[in-house]
Every structure is written in structure tokens, then in C-alpha cells.
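Asker: For reference, the sequence and a predicted model appear below.
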Amino acid sequence: MKDELITFETAKLAKEKGFNIPTWFFYFKGILVDKTTGENDSSTFDENISNWNDGWNFDHTSAPTQSLLQRWLREKHDTHIELVLWNNNSWSCQVVNDVFAYEEDGSEYEAYGCKSYEEALEEGLQAALKLIQNG
């Protein structure tokens, strides 16, 4: 078992919203990189980065775990993501923020039909990031 890292799309949203906690993984031009080893999912990564050992002074996007981003949203923006398992085969997520007015069903955003907990959480993270104000 391992913690899931957020997708590049979610990472870009988090950066736009002010997420700036240092992480061991990051995205550089959409390529996921392990900061501790330099391992990445692209054979062209080393060609694309010339200042690899220069104090990480290049434009990159942190890639936190889903749980770290979820905690940041909860603690910094009072935004909560709730996940529910339906009939043992489908997950749903609901995003709630005390600042937003509750809808009749008690939620600000809902998604159904996710095949896994992690998929539902990723949808919830993206939805929560879209709901908060920048910075």
C-alpha cells in the first residue's frame, strides 16, 4: 500500500490556489519526478532540465499525496471532502465548505460512479480547489 500522488491537473490547480508545501515529488513540464532520486516517467527529462543540481530553481509544480492536499484544504480553507461507498462497487464524493451556502442536499459538489476511493478523492480534490478563492 502507498499514498497516491495527485495528478498533474490537480497539482496545477493546487499551485494556482496557493499550495506551497515542499514535497518529495513534483511535476516538471508535466513529467512526474522523484526529488530524492531524480527518477521520472520520461526518457527526455534529463534533456529538458539543465540546472538539475542548482537548488531546484526552475519552474515546477509540487505533487503532494492526496491525503496531504486534502488536509491542506481542510486546515487552510475549511473545505471538507466526504467519500461514500455505494453498494460495494461505486464511490461518490461530496465537497462541503462552511463558507458556501449548503444546497438542499447539504453539499456544494457531488460526483457519483467512481470506481475507487482514490478516483473519488481526486475528483473531490479538484472540485474543492475550483471552489476556493485564489491564494
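Answerer: Done, it's in.

Asker: Pull the number of nearby residues for the nearest residue to His77 once chain neighbours are set aside.
Answerer: In space, not counting the residues next to it along the chain, His77 is nearest to Ile132; the distance is 4.7 Å by C-beta to C-beta, 6 or more residues apart in numbering. C-beta coordinates here come from the backbone N, C-alpha and C atoms, glycine included. The burial metric for Ile132, expressed as a neighbour count using other C-beta atoms under 10 Å, is 19.

Asker: State the phi and psi torsions of Ile132.
Answerer: Dihedral angles of Ile132 (phi, psi; degrees, to the nearest 10) stand at phi -80, psi 160.

Asker: Asp34 too?
Answerer: The main-chain torsion angles of Asp34 are listed as degrees, to the nearest 10 and equal phi -90, psi 110.

Asker: about what we covered before: in contact with the residue nearest to His77, which residues?
Answerer: With contact taken as C-beta atoms under 8 Å, 6 or more residues apart in numbering, Ile132 is in contact with Lys17, Leu73, His77, Thr79, Asn97.

Asker: The first one and Thr37, how far apart?
Answerer: In other words, Lys17. Distance of Lys17 to Thr37, given as C-beta to C-beta, to the nearest Å: 28 Å.

Asker: just the last one next, same as before
Answerer: Taking C-beta to C-beta as the measure, Asn97 and Thr37 are separated by 37 Å.
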